[in-house]
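Enquirer: I would like the atomic coordinates for the input below:
(one chain, ligands or ions: 1)
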Amino acid sequence: MTEQIVNEALSKVTYPGFTKDIVTFGFVKDIQISGNDVSITIDITSSAPEVAQQITDEAQAELKRAGATSATINIKAPQMPKESSSKGKNIAPQVKNFLMVSSGKGGVGKSTTSVNIAISLAKQGKKVGLLDADIYGPNIPRMMGIADIKPEVNGNKVLPINAYGIEVMSMGSLMEEGQSLIWRGAMIMKAIEQFLRDILWSELDVLVIDMPPGTGDAQLTLAQSVPVTAGLTVSTPQSVSLDDSRRSLDMFKKLNIPIAGVIENMSGFIAPDTGVEYDIFGKGTTQPLAEEFDTEIIAEIPIEPSIRTGGDEGKPISYVAPTSESAKRYAAAAESIWATIEKINAEGGVDNQAVQPTTPPGVSACSM
Ligand SMILES: Nc1ncnc2c1ncn2[C@@H]1O[C@H](COP(=O)(O)OP(=O)(O)OP(=O)(O)O)[C@@H](O)[C@H]1O
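Expert: Okay, the predicted model is just below:
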C-alpha cells in the first residue's frame, strides 16, 4: 500500500448527502501505512453517528478493495452538546438550542427555508422541532403536509404534530381554516409564550422557529423567553430586500443573538431541462451585508420550481428530492448552522439576562 493508493481508494467515498468525496473535502487528516495495514484519521463536520458509520464502512470497503489487509478508520466528529450551556430565562428548558429564522420582509422564503433546514438537521441525526411563530401568515402546516391534521390536546397542553421526522406546531394548526386574528402586541407576546410553555415539545436538540417577517414584538418576546442560541437571516439578492435584511441582522445584534449566517434565497435559477444556473437578481449581492455583520452566506438557494411545488403540496424538497442541488445546499447550510451552535455552546452559550424587561412590575415602559 502507498499513500497514493490510499488516497485514490478514499476518493471513491462520497460524503453522505453530497456528490463530493472525503478527499476533495479535505477531511482525510492522517494516513499511517505499515505494510498492507492502513490506519486513517478522518475529521468530519457532522456529529450524526450514521454519517460516521457510513464513512467508516465505505472507507474500509474501498481500502480492502485496493489491497489493504486491515483498515482502521478513526473518525473525529464534533460532540453533540449534552446540555445547552446557555443561561438566563428559559420557559422551555427541555429544548437545548433555539434557532430564530428571520427576514426583514415577507415573501422572501423564510418559511420554505425553516422547513428545509429543520428537515436537513433531522436527517443529520438531530432531534428537531419546528415552531411556526409566523402568526400573521402561518403556512408551515401546508408546507409540511399537515394542513388537515388537528393537534391532540392534553389538559391545557398541546402535543406537537409529527411530520417528516420532526415535531411541528403552528397557529395554523390551532385555528379553523380561513380564520384570521387581528394581533395586538400583548396577544403576540402571549401567543409566543404559549407556543414555548404549553406545547409538549420533547427533549429537542434544536427548535427551529419561523418568525413573523420584520423586527417587532414577537422577536423581542422570544428573545426574552428563551436563550436564543443563534439567528438565521433569509434574504433575496434584490437591494430592497437587502435593506430589510440589514434590519434583521441588526436586530440579532441588539438582542445579543449570535448570527449563524445568511441564506440567499431565489439566488439564480437552475433550468430544469439543462441544469444550467442563471443569474437573475444579481447572485451574491448579499455578500457585503454578511461581511458587515461578521457572518457569511451559508447557502445560495436557486429559484427552483420544485421548491415551490414542494411547498404547495406539502412535500419539502429536502425530504422528497434529497439529491437535488437545492436539497444539498440546504443540507450544507444545516451542517454549518449546527457547527455554529456547537461552537457557541463550547464557548459558554448565550445569556438573555441583558434583554429582560427592565420596568418594575406594574409600571408601563411608556411611563419610564
Ligand atoms: N427558492 C425558491 N424557488 C422557488 N420558489 C420558492 C423559493 N423559495 C420560496 N419559494 C416560494 O415563494 C413563496 C413564498 O415563500 P415563503 O412562504 O417561504 O416565504 P416567507 O418569507 O415565509 O413569506 P411570509 O413572510 O409571507 O410568510 C412560496 O410559494 C414558496 O414556495
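
Enquirer: Next, see if the strand of greatest length in the chain gets close to the ligand.
Expert: Among the elements of type strand in the chain, defined by DSSP state E, the one spanning the most residues is strand 259-270. Yes - Strand 259-270 comes into contact with the ligand when judged by Cβ under 6 Å from any ligand atom, the residues involved being 265-266. Heads up, the C-betas are built off the backbone N, CA and C, glycines and all.

Enquirer: Can you report phi and psi for residue 298?
Expert: Dihedral angles phi and psi of residue 298 (degrees, to the nearest 10) take the values phi -90, psi -10.

Enquirer: how about it, what does it touch?
Expert: For residue 298, the residues meeting the contact criterion (Cβ atoms under 8 Å, 6 or more residues apart in numbering) are 260-263, 332-333, 336-337.

Enquirer: Just the residues contacting the helix or strand hosting residue 141, thanks.
Expert: For residue 141, the element it lies in under DSSP states H and E is helix 140-143. Outside of helix 140-143, the residues that reach it under the criterion Cβ under 8 Å, 6+ apart are 111-112, 114-115, 130, 132, 134, 147, 149, 168, 170, 172-173, 210, 310-312, 314, 316.

Enquirer: re earlier: and the contacts of residue 298, which is closest to the ligand?
Expert: residue 263 (9.7 Å; Cβ to the nearest ligand atom).

Enquirer: which residues in the stretch 251-368 of the chain form helices?
Expert: 287-292, 305-313, 317-320, 325-346 (DSSP state H, counting those that start in this stretch).

Enquirer: ok, now how distant is the residue nearest the centre of the chain from the ligand?
Expert: The centre of the chain sits closest to residue 117, judged by Cα atoms, centre = their mean, with a distance of 3.9 Å. Using Cβ to the nearest ligand atom, to the nearest Å, one gets 12 Å for the distance from residue 117 to the ligand.

Enquirer: coming back round to it: how about the helix holding residue 141: buried residues?
Expert: By neighbour count, and taking 16 or more other Cβ atoms under 10 Å as the criterion, the buried residues in helix 140-143 are 140-143.

Enquirer: how far out from the middle of the chain is it?
Expert: Between the mean C-alpha location of helix 140-143 and the chain-wide mean there is a distance of 17 Å, by Cα atoms, centre = their mean, to the nearest Å.

Enquirer: Perfect, I'm done here.
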